[in-house]
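Visitor: here is a sequence together with a model predicted from it:
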Amino acid sequence: MAAETTNGAGESPRGLPIDAVARATREAQRDGIFAGLSAGLVSAILGARLFRLNRNAIILCGVVTGVVSGYQFTQGFLAANMIRLEQEKARLDKQAAEQLQDPAPSTTTL
């Protein structure tokens, strides 16, 4: 998502505001980091206790699992955040279109 170009109006090619896309990306990265750290810790504990791996294998297992799962979770969270943004934009666009088509009734009487 970071490679998206703008259309000159402060929006991404999907029509979403750039600041909203940046916020969604940052939130996905934060959540992915926490998920990766958790997965790495669990895999290191399992490697040590269940599989009785040596110290270097435990470290490798934890790091690789943490990095891969963190990346995968980040991609999943980013996709979910982008879908949520698109739905919110569609809802706001629909609401704005309804307000333009159906202006408030006039209270003046003749």
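Guide: Arrived safely, thanks for sending. Remember, it's a predicted structure, so these values are computed and weren't measured experimentally.
Visitor: quick one, phi/psi of P17?
Guide: Summarising the backbone geometry of P17 under the convention degrees, to the nearest 10, its torsions are phi -60, psi 140.
Visitor: swap in S38?
Guide: Taking degrees, to the nearest 10, you get phi -60, psi -50 for the backbone angles of S38.
Visitor: same question for R52.
Guide: The phi and psi values for R52, taken as degrees, to the nearest 10, are phi 50, psi 50.
Visitor: what's around it, how many residues?
Guide: For R52, the neighbour count with other Cβ atoms under 10 Å is 9. Heads up, the C-betas are built off the backbone N, CA and C, glycines and all.
Visitor: state the pLDDT value of it.
Guide: Reported pLDDT at R52 in the predicted model: 95.
Visitor: and the gap between it and I58?
Guide: When distance is defined by Cβ to Cβ, to the nearest Å, R52 is 10 Å away from I58.
Visitor: same check, this time on Q72
Guide: To I58, Q72 is 21 Å away according to Cβ to Cβ.
Visitor: so for these two, which sits in the more crowded spot?
Guide: Per other Cβ under 10 Å, whichever of Q72 and I58 has more neighbours is I58, with 19 against 14.
Visitor: hang on, isn't V21 packed against M82?
Guide: Yes - between V21 and M82 there is a contact under Cβ atoms under 8 Å: 7.5 Å.
Visitor: buried ones in stretch 84-95?
Guide: Under the neighbour-count criterion of 16 or more other Cβ atoms under 10 Å, stretch 84-95 has L85, K89 buried.
Visitor: no no, stretch 26-39
Guide: By neighbour count, with 16+ other Cβ under 10 Å as the criterion, the buried positions of stretch 26-39 are A28, D31, G32, A35, G36, A39.
Visitor: stretch 36-49 now?
Guide: Counting neighbours by 16+ other Cβ under 10 Å, the buried set in stretch 36-49 is G36, A39, G40, S43, A44, G47, A48.
Visitor: fine by me, we can end here.
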